[in-house]
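1. This is a predicted model, with the sequence first.
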Amino acid sequence: MKLRRICIYPKDIQGITGRSERYGRKLIKEIKDHLGKASHQFVTTMEFSEYTGIHLDIIEAYIQQTS
């Protein structure tokens, strides 16, 4: 069984959305605020998918392709 990454980072968001890495950091902060997470906690691909409306399969395919 191949393990896959479940956390999303600003660089991933940059590649998925075509926006800047700074936008990715801002979006992660917005998601954490929305979910009530602390700054040290991670955002998962599923949480990112639910927040943005981008299908989880697309996100996971992108992450797998770039890894």
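-> Arrived safely, thanks for sending.

2. so how far is residue 48 from residue 39?
-> To residue 48, residue 39 is 17 Å away according to CB to CB, to the nearest Å. The C-beta positions use only the backbone N, C-alpha and C, and glycine is treated the same way.

3. and what of residue 58?
-> With CB to CB as the criterion, residue 58 and residue 48 are 11 Å apart.

4. the more surrounded of those two?
-> The neighbour comparison of residue 58 against residue 48 (other CB atoms under 10 Å) goes to residue 48, with 20 against 11.

5. give me every residue that touches residue 10.
-> 21-22, 24-25, 27-28 (CB atoms under 8 Å, 6 or more residues apart in numbering).

6. Alpha carbons of stretch 46-60, as PDB, please.
-> Output in PDB follows, covering the C-alpha atoms of stretch 46-60 (Å, rounded to 0.1, in the frame of the first residue of the first chain):
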ATOM      1  CA  MET A  46     -10.200  16.900   2.700                       C
ATOM      2  CA  GLU A  47     -10.700  20.200   4.700                       C
ATOM      3  CA  PHE A  48      -9.200  22.200   1.800                       C
ATOM      4  CA  SER A  49     -11.500  20.400  -0.600                       C
ATOM      5  CA  GLU A  50     -14.600  21.100   1.400                       C
ATOM      6  CA  TYR A  51     -13.700  24.700   1.900                       C
ATOM      7  CA  THR A  52     -12.800  25.500  -1.700                       C
ATOM      8  CA  GLY A  53     -15.300  23.100  -3.500                       C
ATOM      9  CA  ILE A  54     -12.500  21.500  -5.500                       C
ATOM     10  CA  HIS A  55     -13.100  17.800  -5.700                       C
ATOM     11  CA  LEU A  56     -10.800  15.700  -3.500                       C
ATOM     12  CA  ASP A  57      -9.700  13.500  -6.400                       C
ATOM     13  CA  ILE A  58      -8.300  16.500  -8.300                       C
ATOM     14  CA  ILE A  59      -6.300  17.600  -5.200                       C
ATOM     15  CA  GLU A  60      -4.900  14.200  -4.500                       C
END
